[in-house]
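# Test case, fold it:
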Amino acid sequence: MNVLSFTRLWPNAVEPTLAIFNEHRARALAAVPGYRGHTVAPVPWFPRVPFPRRYAQLARVPAHETRFGIPVDHPRYPVIPKIGLRLHGAGLVAATFRHVAEIVARERIDILDAHYVYADGWAAVEMGRRLGIPTVITACGSDVYTTPKTASVRPLVKQAIAGATMLIAVGEPLAAGLRELGADPAKIRVIPYGIDAGRFAPDLAGRAAVRARLGLADGVPLVVSVGRLHPVKGHDLLIDAIARLPGPAHFAVVGEGAERAKLEDRIRRRGIGDRITLAGNFPNDQLAAWYSAADLFCLPSRAEGHPNALLEALACGAPSIATAVGAVPTMIRPSCGLVIPPEDVDALVHAIQAGLAAVRDGLWSREAARACVERSWSDVATETIAVFEEARERFAAQPASNSRAYATATST
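Numbering: from 1, shown residues only. This next block holds a predicted model:
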């Protein structure tokens, strides 16, 4: 089976941790005998005028790279930051269709595998329609919970959902969201993310190194949060909670993003600069040290799909507090953490206090936290291959015109 993944959410040389869960799944799939994958991960193009720092950095992404044996192409597509969302799907198709068609013809692609419903999934469905090959879309979170709230984009989200041959949701709440948007329940499959249990495991040496980096004395509890510095991750709520919590716990936020300056200002205004560290980005293979150092992991997000950071923290034995968004309520057991309402600073304050007490008193253990994590990426790959096979069978059962279009596309 030859599969072409199409998504803007893929790690690259400039942003090596961007949506790394998609790459983890691809690496697990690549280990399946007979599977061959290729990725097209478009990045924005823009003229040389002042733009947000992230867009300027993306200009340094190479046109092609190979990551873990998987070829990844980065064609450019036009975008005006913060506006024109309705045009993003059409812009992706216009900028990348020829490139995708050449790969389909050369490698005889069986499946277009899109991540994120709009604009990536919409564009993949349109290209799959033109090329006569089935499209599978994986819904990740905000593409179902947030994007459809934009009135001009909601019809395009529904078009993508209706046009996809099969749909993968990374949690049951996302599957429910797809159904609410009109998806045929018969073509939805729930496949939660997995974990690399070898990489994410309790790391005593890493724990000591992180605590030394932060200058923490023995006995000072550490609460860690991991996620990009973006409003959806709720770091502002965590800062407000810290300002209301007594010492001596220290807090560390691992991640980077456009909200750094705003969060730094909020920390200054709350007078808690000595109690919280914005630690910046770390490679994925170094995150286990941070999770292992955490006496408590905290994910105060406003929205999530099936958060990989929470899986990783639990796998490293960190008892966890997270908001009841996306699949989170299915991921945390009473033996290893608490689930609280989103955007509720009072609940966050009480949960952190209760969580630190539970850890101190031995009610939550690192062994119990690790026991909450059961799925491997190999499990995910097996289930995903089954969906790809089903998509191929469904597509083959459609009118013969699809088969003729596929033959034309792959013979040119």
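# Please, where are all the strands along the stretch 1-150 of the chain?
2-6, 36-40, 43-45, 64-67, 70-73, 76-78, 111-115, 135-139 (DSSP state E, counting those that start in this stretch).
# Packing partners of the second one?
In this structure, strand 36-40 packs against strand 2-6, helix 20-30, strand 70-73, helix 85-107, with contacts taken as 3 or more C-beta pairs under 8 Å, 6 or more residues apart in numbering; DSSP states H and E. For the C-beta atoms, the positions are set from N, CA and C on the backbone; glycine is no exception.
# Pull the residues that contact the last one.
Contacts of helix 85-107 from elsewhere in the structure, counted by C-beta atoms under 8 Å, 6 or more residues apart in numbering, are 2, 4, 6, 36, 38, 40, 42, 45, 73, 75-79, 84, 109, 112, 118-120, 122-123, 126-127, 130-131, 133, 150, 152-153, 156, 160, 409-412.
# Run the angle between that helix and strand 111-115 for me.
150 degrees (axes from the mean of the first three to the mean of the last three C-alpha atoms, to 10 degrees).
# Next, the angle from helix 85-107 to strand 2-6.
In terms of direction (the same axes, to 10 degrees), helix 85-107 departs from strand 2-6 by 160 degrees.
# Distance from the chain centre to helix 85-107, please.
22 Å (C-alpha atoms, centre = their mean, to the nearest Å).
# In it, which residues are buried?
Buried positions in helix 85-107, judged by neighbour count with 16 or more other C-beta atoms under 10 Å: 85, 88-89, 91-93, 95-97, 100-101, 103-104, 107.
# Same check on stretch 245-261?
Going by neighbour count (16+ other C-beta under 10 Å), the buried part of stretch 245-261 is 245, 249-256, 259.
# so for that stretch, what's the average pLDDT?
The average pLDDT for stretch 245-261 rounds to 94.
# one step back: tell me which of the strands of the stretch 1-150 of the chain sits nearest to residue 178.
Proximity to residue 178 (C-beta to C-beta) singles out strand 135-139 among those, at 5.9 Å.
# List the strands paired with that closest one, with their directions.
Paired strands of strand 135-139, with direction, are strand 111-115 (parallel), strand 166-169 (parallel) (DSSP bridges).
# And for that strand, what's in contact with it?
Identification of contacts with strand 135-139 by C-beta under 8 Å, 6+ apart yields 111-117, 121, 124-125, 127-128, 160-161, 163-170, 174, 177-178, 305, 387-388, 391.
# from the chain's centre, how far out does stretch 229-239 sit?
16 Å.
# Include mean neighbour count, mean pLDDT and distance to residue 364 when you put the strands of the stretch 1-150 of the chain into JSON lines, please.
Below are these laid out as JSON lines (neighbours: other C-beta atoms under 10 Å; pLDDT from 0 to 100; distance: least, C-beta to C-beta, whole Å):
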{"stretch": "strand 2-6", "mean neighbour count": "23", "mean pLDDT": "98", "distance to residue 364": "38"}
{"stretch": "strand 36-40", "mean neighbour count": "22", "mean pLDDT": "97", "distance to residue 364": "39"}
{"stretch": "strand 43-45", "mean neighbour count": "19", "mean pLDDT": "87", "distance to residue 364": "42"}
{"stretch": "strand 64-67", "mean neighbour count": "12", "mean pLDDT": "96", "distance to residue 364": "37"}
{"stretch": "strand 70-73", "mean neighbour count": "18", "mean pLDDT": "97", "distance to residue 364": "38"}
{"stretch": "strand 76-78", "mean neighbour count": "16", "mean pLDDT": "89", "distance to residue 364": "46"}
{"stretch": "strand 111-115", "mean neighbour count": "27", "mean pLDDT": "98", "distance to residue 364": "34"}
{"stretch": "strand 135-139", "mean neighbour count": "29", "mean pLDDT": "98", "distance to residue 364": "32"}
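# so where's the protein uncertain?
Applying pLDDT under 70 to the chain flags residues 46-56, 80-83, 399-412.
# Would you mind giving the domain segments of it?
2-194+377-411, 204-371 (automatic domain parsing).
# Look up the closest residue to residue 114, ignoring the ones flanking it.
residue 124 (3.6 Å; C-beta to C-beta, 6 or more residues apart in numbering).
# OK, contacts around residue 43?
Counting by C-beta under 8 Å, 6+ apart, residue 43 has contacts 8, 12, 58, 61, 74-77.
# Dig out what it forms beta bridges with.
Residue 43 has these beta-bridge partners by DSSP bridges: residue 76.
# Let me know the distance separating it from residue 9.
Distance of residue 43 to residue 9, given as C-beta to C-beta, to the nearest Å: 11 Å.
# returning to that earlier point: is it possible to export the contacts of residue 43 to TSV including distance to residue 316?
What follows is the contacts of residue 43, written out as TSV (distance: C-beta to C-beta, whole Å):
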residue	distance to residue 316
8	29
12	26
58	31
61	30
74	32
75	37
76	38
77	37
